[in-house]
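J.: For reference, the sequence and a predicted model appear below.
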Amino acid sequence: MATTTMSHQAIGSIVSHRPFKASQFLKEPLNVPMKFRPKRFKIEATASQISVIDNTFLSPTKSRPQESKKKSNEAALILIRHGESLWNEKNLFTGCVDVPLTHKGVGEAIEAGKKISNIPVDLIFTSSLIRAQMTAMLAMTQHRRKKVPIILHNESVKAKTWSHVFSEETRKQSIPVIAAWQLNERMYGELQGLNKKETAERYGTQQVHEWRRSYEIPPPKGESLEMCAERAVAYFEDNIKPELASGNNVMIAAHGNSLRSIIMYLDDLTSQEVTTLDLSTGVPLLYIFKEGKFMKRGSPVGPTEAGVYAYTKRLAQYREKLDAASQATLD
Ligand SMILES: O=C(O)[C@H](O)COP(=O)(O)O
């Protein structure tokens with residue numbers, strides 16, 4: 001198999017939505033009967049000019065969180081790899097192929113939600129792939145705060161305006177969900193769809209391990225972990241870290257390798273150390289971000305596990321508030 005590596009830009013244009021030109025939207029044939037076709041409208045802005053987080057979604061008056069008053073000097077960061085997918089079950093290389101969760105994966109996402117049900121979540125970042133989005137939404141069904149996660153549609157000015165929420169109170173009871181292709185699983189190139197065991201038998205276990213776990217070596221015509229990190233870690237630094245710095249608690253529901261690249265950054269792992277880093281499906285990992293540093297706190301075992309709440313006074317106080325609120329509804 002040829003092992004030419006494509007330039008990151010070339011791969012980027014495959015896995016990414018090319019910079020969205022609203023005018024394309026108008027030109028592309030709409031599979032909607034003529035009578036429902038939207039009036040021709042002139043859209044100036046392109047998606048890239050639309051902020052990642054819909055400013056007015058958070059509140060019509062407040063600007064973006066990191067520009068507004070700092071909520072706290074610490075924030076919780078939850079990372080979770082999607083639950084088992086149908087191609088995980090078949091042991092197929094998946095990469096950027098958009099497959100859903102299995103029944104077991106749905107259960108894993110719900111179980112993960114129970115483990116983090118007392119940890120505050122103000123923003124959710126996920127990838128543009130359904131298995132990560134399903135995991136985020138299913139996990140949040142278990143959250144005790146009962147806020148509604150809403151996927152933001154900023155892909156065009158029209159998508160943004162048509163999905164606007166006009167009640168500030170409703171917005172306060174919602175959690176913005178930002179789907180970013182930069183958090184997609186690494187693009188596995190010519191391995192996508194191949195069986196992992198058969199591929200190892202054909203090319204050798206060592207070669208497949210290098211493709212799967214090394215930092216620098218890409219799969220044939222795919223992304224190396226390093227190339228995946230260039231987009232995922234850049235996105236984390238540009239869009240997620242500022243929210244944490246402003247005191248917003250964040251959950252990232254993504255993929256085995258896009259999260260490996262982020263954890264390598266958070267834990268300052270070497271390219272040697274990251275080769276042994278493996279993430280199970282549907283297992284949440286907790287970090288506390290404080291004074292510019294990330295402190296790893298492991299995987300919350302259960303909603304009442306003392307450990308998680310012993311880490312910071314703020315998490316303990318949040319849980320006490322949830323306990324008091326649920327007690328009040330019982331009274
Ligand atoms: O893309 C895939 O096949 C899986 O999500 C991750 O695969 P890996 O564990 O082989 O990197």
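T.: Received the coordinates, thanks. All values reported here derive from a predicted model rather than from experimental measurement. Numbers count the residues shown, from 1 in each chain.
J.: which residues touch the residue nearest the centre of the chain?
T.: Nearest to the geometric centre of the chain sits Thr126, at 2.2 Å (Cα atoms, centre = their mean). Thr126 is in contact with 132-133, 135-136, 177-180, 183, 252-254, counting by Cβ atoms under 8 Å, 6 or more residues apart in numbering. Where you see a C-beta, it was placed from the backbone N, CA and C, and this is true even at glycine.
J.: now swap in Thr312 and tell me
T.: 74, 288, 290.
J.: from these, which is closest to the ligand?
T.: The shortest approach to the ligand among the contacts of Thr312 belongs to Ile288, at 27.0 Å (Cβ to the nearest ligand atom).
J.: any weak-confidence spans in the stretch 1-150 of the chain?
T.: 1-70 (pLDDT under 70).
J.: Residue of it closest to the ligand, please.
T.: Counting by Cβ to the nearest ligand atom, the stretch 1-150 of the chain gets nearest the ligand through Thr94, at 3.6 Å.
J.: Check the stretch 101-250 of the chain too.
T.: Closest point on the stretch 101-250 of the chain to the ligand, by Cβ to the nearest ligand atom, is Arg212, at 4.2 Å.
J.: residues in contact with that residue?
T.: 196, 219.
J.: From the contact counts, what lies against the longest helix along the chain?
T.: The single longest helix within the chain, with elements called by DSSP state H, is helix 313-330. In this structure, helix 313-330 makes packing contacts with helix 306-311, judged by 3 or more Cβ pairs under 8 Å, 6 or more residues apart in numbering; DSSP states H and E.
J.: so Tyr188 makes contact with Trp87?
T.: No - taking Cβ atoms under 8 Å as the definition, Tyr188 is not a contact partner of Trp87, at 10.5 Å.
J.: which residues are common contacts for those two?
T.: Listed as contacting both Tyr188 and Trp87 by Cβ under 8 Å, 6+ apart are 93-94.
J.: for the ligand, what are the nearby residues on the stretch 1-150 of the chain?
T.: Residues of the stretch 1-150 of the chain found near the ligand, taking Cβ under 6 Å from any ligand atom as the criterion, are 93-95.
J.: Of the contacts of Thr312, grab the buried ones for PyMOL.
T.: In PyMOL, a selection of the buried entries from the contacts of Thr312 looks like this (16 or more other Cβ atoms under 10 Å):
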select buried, resi 74+288
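J.: Secondary structure added to the contacts of Thr312, as a markdown table?
T.: What follows is the contacts of Thr312, written out as a markdown table (DSSP: H, G, I helix; E, B strand; the rest coil):
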| residue | secondary structure |
| --- | --- |
| Glu74 | strand |
| Ile288 | strand |
| Lys290 | strand |
